[in-house]
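Visitor: This is a predicted model, with the sequence first.
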Amino acid sequence: MNLEGLNEVQKKAVTKTEGPLLVLAGAGSGKTRVLTTRIAYMIKELGIDPYNILAITFTNKAAKEMKERIINLIGPSAYEMQISTFHSFGLSIIKENYEKLEYKKNFTIFDSDDSLSVVKKIIKEMNLDPKQYNPRGIKSKISSAKNELITPEEYEKFVTNEYEELVYKVYKSYQKKLKVNNSFDFDDLLIMPIKLFNENKEVLKNYQERFNYVLIDEYQDTNEAQYILTKMISAKYKNICVVGDENQSIYSFRGSNYRNILNFEKDYANSEVIMLEENYRSTKNILEAANAVIKNNKQRKDKKLWTRQDEGVKIKYKRLVDEKDEAFFVKAKIKSLLEDGVTRNNIAILYRTNAQSRNIEEVLLAENIPYKVVGGFYFYQRKEIKDLIAYLKLIHNSNDDISLQRIINVPKRKIGLKTIQKIQSRANDLNSSLFDSIESGKELEFKKIINDIIAKKPKLSITELVEEVLDKSGMRQELKNEKTLDAEIRIENLEEFKSITKSFEERYGTIMLDEFLEEISLVADIEEYKDKRDVVTLMTVHSAKGLEFDYVFVIGLEETIFPHKNSLMDNEQLEEERRLCYVAITRAKKELFLLNAKRRRIFGMDTYSPQSRFIEEIGDEFLESLNSENDVSISNARNIDSSIEYKIGDNVTHITFGEGIVVAINKSILSIAFPHPYGVKSIMKGHKSIRKE
DNA sequence: CGGCAATGTGTTTTT
DNA sequence: CACATTGCCG
């Protein structure tokens, strides 16, 4: 096993395999390399069975990457290893033990929207005004409680006011509903294994024996449930290695607690601590800028990253007129980088909120610069896709009342509120699911459709099953009848869904419905199923954690955006924004551009914000301002050939997005439907990026 | 029951 | 601005 090329500290982190180990790994300190080498070392040098190793990462992407890198190091035996996110690890335990949890095999997983629907429904049933009691707020309270491992019974004890009393009632009923629906929400994927282990010590023992080597990445982002789960699994052998950096803790809104990492030494006796402080990623300027920002946080261990690298060029800062100008600046800069021979894969644009991607997309689109948006909710969030998935969920688990209610009248079957109330009350009387309680009326026809598909299911592939649903449900026909552009796009999207199922089948062979539903509920990011292309990357700073790029643009550095307005009042939250900024800066290897806009349209309203405080915190030493007194907008240049006429239905080819169909024309703007995952894009008539067939 | 217009409400961040 | 929800009419 070749450990050359690792520094002394890294080598130690690789070879100290027994007992508790805390690796404090600063940004860019070669953490992933250490982790993968460590696992390879354990298997190859020490002969540890990969089956006995559990590695937990924070995102599916990280899990996938880690697995690939280990396979490169040691070959296919790495497939024996469990490398997954906390949530998919939890799910795998649930799958092996659903009976002990008193669930049926065909359980489903509720996504955040499903959970919200349940809460809304409960509030309605309690005859409360959802305006007065915001369902989102209540849902988030419930989720926090669950992640703190507080049961409804325990929650009741802490109730101090009317609102908490209400949350308690909703929480209790929420849990009951999940159970009746034979379903788990995201939080359950962590909690249920803990419950299982508490009630079945021998089950826990089996997992402890199996996973006698445990590795946890991004430990600073673990919440209470994840913390306890980790502790339980590793309690027997205590061969636990956690890796993290409290300066990069950015998920407290999800209950994560960076104190878990600070307390590690107290939690595990005889633990060893290794600090990786040499940064191999960024230039001195970038690294020092990051240090300058983070030192403003009071709550942190004092540690400082250093690098042997050159100073590099100063960070560029530019304040622009508005968000369009900002996007144009990014585009212009990217173009010149590309002309200098930089490849698109080495460029990223980072932002605080998902909504900010839009302006950038429009400009890149018009300029034929291929890009991908990572993590956007894009596809799976579309109505028609969610409807289709609801059909699949109901077919899989007929107890899923939430899915049933979503689609019982999709397409329109003249089943309205009255009918649903009727079914509901019969279901209550019979103590059955909505689906089982149906025995007459229009709804019986719906039931028949579902039952027919269920009967055919064993003989069908997922793609065929989807086809069957689109066909027999009447969804496709209804959209076809509409003959609107909107409907056409929806049909396109549904067809596109089949290309996902197909790529699944090509990749994994025959896949069962439950596996498929599982996958799409846990891996929301469609980019994961696509081949790597040479494109510019757009994503939130949160999604960028763990990644690196030669050239990084951070946009929207304004007070109220970054730091976000909701965080300005609370110092704890402000410090988290600052850590987020630290993450953003440290993504860059060679050059960093910081941008903001004087004026920005938010909710259709013009808003004016001063520059982000983080700009000043970096200071002139590392920062070069590109602002001058007489700045003018640069966003008026356009390249259009107005002589080309278009009509709806025209086939066009876009250099980046391939073949598309014109689905709408609004003055000089064309709406063109492109294949998945691009969807419908707006492009100027006659723009040089498109060619009429 | 469906359709349409009026009204209102919201965006941090993600498994 | 974009969308979801509500209220009213046929």
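Guide: Looks like it arrived, so ask away. No experiment lies behind these values; they were computed from the predicted model shown.
Visitor: switch to C-alpha atoms for all contacts and neighbour counts from now on
Guide: Fine.
Visitor: Contact distance from DNA strand B - what residues of the stretch 301-450 of chain A qualify?
Guide: Neighbours of DNA strand B within the stretch 301-450 of chain A, by C-alpha under 7 Å from any atom of the strand: A:352-355, A:375-376, A:409, A:412-419.
Visitor: top helix in chain A by residue count?
Guide: Longest helix in chain A by number of residues (criterion: DSSP state H): helix A:485-508.
Visitor: How far off centre is the helix or strand following it?
Guide: Later in the chain than helix A:485-508, the nearest helix or strand by DSSP states H and E is helix A:513-522. On the basis of C-alpha atoms, centre = their mean, to the nearest Å, helix A:513-522 sits 15 Å off its chain's mean C-alpha point.
Visitor: any idea of the pLDDT on A:Y678?
Guide: On the pLDDT scale, A:Y678 is placed at 57.
Visitor: typo on my end, A:D302
Guide: 67.
Visitor: which residues does A:Y268 contact?
Guide: Each residue near A:Y268 by C-alpha atoms under 8 Å, 6 or more residues apart in numbering is listed here: A:P20, A:K238.
Visitor: can we see that at 7 Å?
Guide: For A:Y268, the contacting residues are A:P20, by C-alpha atoms under 7 Å, 6 or more residues apart in numbering.
Visitor: how close does it get to A:Y227?
Guide: 13 Å (C-alpha to C-alpha, to the nearest Å).
Visitor: ok, A:A348 to A:N291 distance?
Guide: Taking C-alpha to C-alpha as the measure, A:A348 falls 21 Å from A:N291.
Visitor: ok, back up a step: among the residues of the stretch 301-450 of chain A next to DNA strand B, which are in helices?
Guide: Those of these lying in helices (DSSP H): A:L417, A:K418, A:T419.
Visitor: Most neighbours of all these, which one?
Guide: A:T419 (13 neighbours; other C-alpha atoms under 10 Å).
Visitor: how about the nearest residue to A:E548, chain neighbours excluded?
Guide: A:R587 (4.6 Å; C-alpha to C-alpha, 6 or more residues apart in numbering).
Visitor: my guess is that neighbour meets A:F553, correct?
Guide: No: counting by C-alpha atoms under 7 Å, A:R587 sits too far from A:F553 to count as a contact (9.9 Å).
Visitor: quick one: which of those two has more around it?
Guide: Set side by side, A:R587 and A:F553 show more neighbours around A:R587, with 29 against 26, by other C-alpha under 10 Å.
Visitor: Just the pLDDT for that one.
Guide: Among the per-residue scores, A:R587 holds a pLDDT of 96.
Visitor: One more: A:E165?
Guide: At A:E165, the pLDDT recorded in the model is 89.
Visitor: residues in contact with it?
Guide: Contacts of A:E165 (C-alpha under 7 Å, 6+ apart): A:V159.
Visitor: Checking my notes, it in a helix, right?
Guide: Yes: counting by DSSP: H, G, I helix; E, B strand; the rest coil, A:E165 is located in a helix.
Visitor: if we can go back for a sec, tell me the helices and strands packed up against the longest helix of chain A.
Guide: helix A:462-472, helix A:475-482 (3 or more C-alpha pairs under 7 Å, 6 or more residues apart in numbering; DSSP states H and E).
Visitor: how big is the angle separating that helix from helix A:513-522?
Guide: 120 degrees (axes from the mean of the first three to the mean of the last three C-alpha atoms, to 10 degrees).
Visitor: Pull out the buried residues from helix A:485-508.
Guide: Residues A:485, A:487-498, A:500-502, A:504-505 are the ones in helix A:485-508 that count as buried (16 or more other C-alpha atoms under 10 Å).
Visitor: Hmm, A:S437 is touching A:Q424, no?
Guide: No: the criterion here is C-alpha under 7 Å, and A:S437 misses it with A:Q424 at 8.1 Å.
Visitor: partners of the helix or strand containing A:L54 in the sheet?
Guide: Using DSSP H and E, the element containing A:L54 is strand A:53-57. Looking at strand A:53-57 with DSSP bridges, its partner strands are strand A:82-85 (parallel), strand A:213-216 (parallel).
Visitor: and these, which is most packed in?
Guide: strand A:213-216 (a mean of 25; mean count of other C-alpha atoms under 10 Å).
Visitor: what's next to it, contact-wise?
Guide: Residues outside strand A:213-216 that contact it (C-alpha under 7 Å, 6+ apart): A:N52, A:I53, A:L54, A:A55, A:I56, A:T57, A:S234, A:N239, A:I240, A:C241, A:V242, A:V243.
Visitor: Going by distance to A:I286, which of the residues you listed wins?
Guide: The shortest gap between A:I286 and any of the contacts of strand A:213-216 belongs to A:V243, at 23.2 Å (C-alpha to C-alpha).
Visitor: Toward the C-terminus from the strand holding A:L54, list the very next helix or strand.
Guide: Criterion used, DSSP H and E; the element after strand A:53-57 is helix A:60-74.
Visitor: hmm, which helix or strand of chain A has the shakiest average pLDDT?
Guide: strand A:679-684 (a mean of 62; mean pLDDT, DSSP states H and E).
Visitor: sorry, back to before: now the helices and strands packed on helix A:485-508 in CSV, with mean neighbour count and mean pLDDT?
Guide: Putting these into CSV (neighbours: other C-alpha atoms under 10 Å; pLDDT from 0 to 100) gives the following:
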stretch, mean neighbour count, mean pLDDT
helix A:462-472, 18, 93
helix A:475-482, 15, 82
